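**Student:** Sequence unavailable; structure follows:
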């Protein structure tokens, strides 16, 4: 099997030290190690490093020669990925604003017909489960359909050290993450191989002009 290119998109902009600690980097490091152990190429997309502004207009709204270079590079990285992992904290029972802001800068056709895996975490006992559930419709709208497995990490600061290594029960955590990774791998390979046979945009082209393209036919 040819390795997948997987974009691991982090959701935290916390940039200690000493506090608040960016736990997303720890969780992202562990999920990246799981994917790399399965033989895949990982591209970590960190909102701190991307430093995108609050959304004014997305990539597709710019004239081709006026796209900000940093945004254009991010768009290309996500376009070239075969699958995605969204790593989100939970803020006020909702997904990371930084992650959503990054996604909203990208057109849905960039991520369409590729699978995604949701990994959530929190400092408390629920592991970001409520944020994970609310992230599913956003990724679905982007065309990056989430696999059924979701990964939730409660008390993430206690689970992972600064390098993203579990402090205890390393094999159990690896097995837990592997379930989601295996589903992502299965769908990622299937989608990539089928796109080589059938162009998904032939029957369902990208919408590139106005929101009215989505509308149902209007009566007289």
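**Tutor:** Thanks, I have the structure now. Since the structure is predicted, the reported quantities are computational estimates derived from the model, not experimental observations.
**Student:** Following the chain past the one helix or strand residue 171 maps to, name the next helix or strand.
**Tutor:** If you go by DSSP states H and E, residue 171 is part of helix 170-195. Using DSSP H and E, the helix or strand that follows helix 170-195 in sequence is helix 200-203.
**Student:** Just read off the phi/psi values of residue 166.
**Tutor:** When quoted as degrees, to the nearest 10, the phi and psi of residue 166 stand at phi -60, psi 140.
**Student:** so who does it touch?
**Tutor:** Counting by Cβ atoms under 8 Å, 6 or more residues apart in numbering, residue 166 touches 30, 159, 160, 173, 174. (Each C-beta comes from the backbone N, C-alpha and C, glycine too.)
**Student:** from what I can see the last one touches residue 34, true?
**Tutor:** So that's residue 174. Yes: counting by Cβ atoms under 8 Å, residue 34 is a contact partner of residue 174 at 6.3 Å.
**Student:** higher neighbour count, these two?
**Tutor:** Just comparing residue 174 and residue 34: by other Cβ atoms under 10 Å the higher neighbour count belongs to residue 34, 21 against 15.
**Student:** So which of the contacts of residue 166 wins on neighbours?
**Tutor:** Counting neighbours by other Cβ under 10 Å, residue 30 comes out on top of these with 26 neighbours.
**Student:** Surely residue 49 is within a helix?
**Tutor:** Yes: the assignment for residue 49 (DSSP: H, G, I helix; E, B strand; the rest coil) places it in a helix.
**Student:** Look up how far residue 31 lies from it.
**Tutor:** Look at residue 49 and residue 31: by Cβ to Cβ, to the nearest Å, they are 17 Å apart.
**Student:** So residue 191 sits against residue 82, correct?
**Tutor:** Yes: counting by Cβ under 8 Å, residue 191 touches residue 82, with 7.4 Å between them.
**Student:** any residues in contact with both of these two?
**Tutor:** residue 114.
**Student:** between the two, who's got more neighbours?
**Tutor:** Remark: of residue 191 and residue 82, residue 82 carries more neighbours, 22 against 19, as counted by other Cβ under 10 Å.
**Student:** Run the angle between the longest strand belonging to the chain and helix 170-195 for me.
**Tutor:** Identified as the longest strand of the chain according to DSSP state E is strand 146-153. Taking axes from the mean of the first three to the mean of the last three Cα atoms, to 10 degrees, strand 146-153 and helix 170-195 form an angle of 160 degrees between their directions.
**Student:** Show me where this protein has its strands.
**Tutor:** 5-9, 41-45, 83-88, 116-121, 146-153.
**Student:** how long is stretch 150-170 end to end?
**Tutor:** 19 Å (Cα to Cα, to the nearest Å).
**Student:** returning to what we had before: tell me which of the contacts of residue 166 is nearest to residue 90?
**Tutor:** residue 159 (15.1 Å; Cβ to Cβ).
**Student:** Just the pLDDT at the closest one, thanks.
**Tutor:** Per-residue confidence at residue 159 stands at 96 (pLDDT).
**Student:** Cross-check the contact I'm expecting between it and residue 167.
**Tutor:** Yes: if you go by Cβ under 8 Å, residue 159 and residue 167 touch, sitting 6.7 Å apart.
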